[in-house]
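Enquirer: no sequence on hand, only this structure:
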């Protein structure tokens, strides 16, 4: 799925896989600020240079940061935290506002046609 719709046209763009912000003190974020952050991340994800010809990439998770069990982390392909339980339901850290994207190939010709129509390709 590495075949992107376009090359990034910006010379000053940097390639990254995560964005992290650690605040020096606890901060408050309004619903409007959360909405704007959601829109910004969605804009980044939906940029043609961040989309694949034969698949989709979208903002899939927004909310408190999940803490997965070791078994779930392995299943989901996430880093395993040795301090989490071996199995069981995830817990959530409400002190961290978490956003996560997902990407995958098209699952059907119908989805492919719909997405390509929306992209106007």
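Expert: Here it is on my side, so go on. Only a predicted model underlies this, so the values are computations on that prediction, with no experimental measurement involved. Numbering: from 1, shown residues only.

Enquirer: just give me the longest helix of the protein.
Expert: Taking DSSP state H as the assignment, the helix of the chain that covers the most residues is helix 31-46.

Enquirer: what is it packed up against?
Expert: Helix 31-46 sits against strand 55-67, strand 91-105, with contacts defined as 3 or more C-beta pairs under 8 Å, 6 or more residues apart in numbering; DSSP states H and E. Glycine gets a C-beta too; all of them are placed from N, C-alpha and C.

Enquirer: show me the one of these that comes nearest residue 14.
Expert: For the helices and strands packed on helix 31-46, distance to residue 14 was read as C-beta to C-beta. The smallest value, 17.0 Å, belongs to strand 91-105.

Enquirer: picking up where we left off before, and among the helices and strands packed on helix 31-46, the most buried is which?
Expert: Among the helices and strands packed on helix 31-46, strand 55-67 has the highest mean neighbour count (mean count of other C-beta atoms under 10 Å), at a mean of 15.

Enquirer: so how far is the helix or strand that it is followed by off the chain centroid?
Expert: Downstream of strand 55-67, the next assigned helix or strand under DSSP states H and E is helix 70-76. With C-alpha atoms, centre = their mean, to the nearest Å as the basis, helix 70-76 stands 18 Å off its chain's centre.

Enquirer: ditto for stretch 111-121
Expert: Distance of stretch 111-121 from the chain centroid (C-alpha atoms, centre = their mean) equals 21 Å.
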